[in-house]
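> Next comes the sequence, and after it the predicted model I'd like to discuss.
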Amino acid sequence: MRESGVEPGRPDEARKPFGLAEVHGPSMVPTLRHGDQLIVRYGVRVRPGDVVVLRHPFQQDLLVVKRAVERREGGWWVLGDNPYAGGDSTDYGTVPEELVLARVGMRYRPRSAEQRSPLRYLLWVLSAVRPVLGDRSAASRVSAASRAGRSSRSSRSSRSSRLRAR
């Protein structure tokens, strides 16, 4: 895994404020899809609802993308936008602050092979580059889900949206 931008915490390399990453997996659908390219910004303040890049707490050579839902004792509670994919704080608990590396700013969705007609091409041009906005209502959704009991999510497989930095 080669990283384009350098995240904080690597003393041997100079810090870069921006980086590129590619999404792998379904956990952030519909916000992000497999193959989306991300522009991330290192060292910025994370707020509840922001989409962030972090190191997996148990496998720190793996970068993942999740939504930072709320601050808790010990770090951030992060969730995927796809409730059926897993691989988030419901599986591994809070993520320490130092493992949250960057905030996602923009996404680029590459053109697929079936977008050959002029209309499909035009639709792709209009939607290929979009900002990734924070969802400030995510904290209210997680507290409602906690009350409803989301323990059933912990039993499914961990298909997290992984990133391959470029």
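Now that the structure is in, tell me what you want to look at. In this text the structure is predicted, and so the values were computed from the model without any measurement.

> Which strand or helix spans the residue most central in space within the chain?
The centroid of the chain falls nearest to residue 65 when counting by C-alpha atoms, centre = their mean (2.1 Å). Secondary structure from DSSP states H and E places residue 65 in strand 63-72.

> and if you look at residue 120?
helix 118-127.

> That helix: what's the following helix or strand?
Counting by DSSP H and E, what follows helix 118-127 is strand 129-131.

> pLDDT of that next one, averaged?
Averaged across strand 129-131, pLDDT comes to 90.

> picking that back up, please list the residues outside the helix holding residue 120 that contact it.
Outside helix 118-127, the residues within contact range by C-beta atoms under 8 Å, 6 or more residues apart in numbering are 109, 111, 114, 115. Yep, even glycine has a C-beta here, placed from its N, CA and C like the rest.

> can you do 10 Å?
Residues outside helix 118-127 that contact it (C-beta atoms under 10 Å, 6 or more residues apart in numbering): 109, 110, 111, 112, 114, 115, 117.

> Counting neighbours, which of those end up buried?
With burial judged by 16 or more other C-beta atoms under 10 Å, the buried subset of those is residue 109.

> Nearest to residue 137 among the contacts of helix 118-127?
Closest approach between these and residue 137, by C-beta to C-beta: residue 109, at 23.9 Å.

> for that closest one, what are its contacts?
23, 32, 33, 35, 36, 37, 124, 127, 128, 129, 130.

> picking that back up, return the alpha-carbon coordinates of the helix holding residue 120 using PDB.
Provided in PDB are the C-alpha atoms of helix 118-127 (Å, rounded to 0.1, in the frame of the first residue of the first chain):
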ATOM      1  CA  PRO A 118     -23.800  10.900 -25.000                       C
ATOM      2  CA  LEU A 119     -26.500  11.100 -22.300                       C
ATOM      3  CA  ARG A 120     -24.700   8.800 -19.900                       C
ATOM      4  CA  TYR A 121     -21.500  10.700 -20.500                       C
ATOM      5  CA  LEU A 122     -23.200  14.000 -19.700                       C
ATOM      6  CA  LEU A 123     -24.700  12.600 -16.500                       C
ATOM      7  CA  TRP A 124     -21.200  11.300 -15.500                       C
ATOM      8  CA  VAL A 125     -19.600  14.700 -16.200                       C
ATOM      9  CA  LEU A 126     -22.200  16.400 -14.000                       C
ATOM     10  CA  SER A 127     -21.700  14.000 -11.100                       C
END
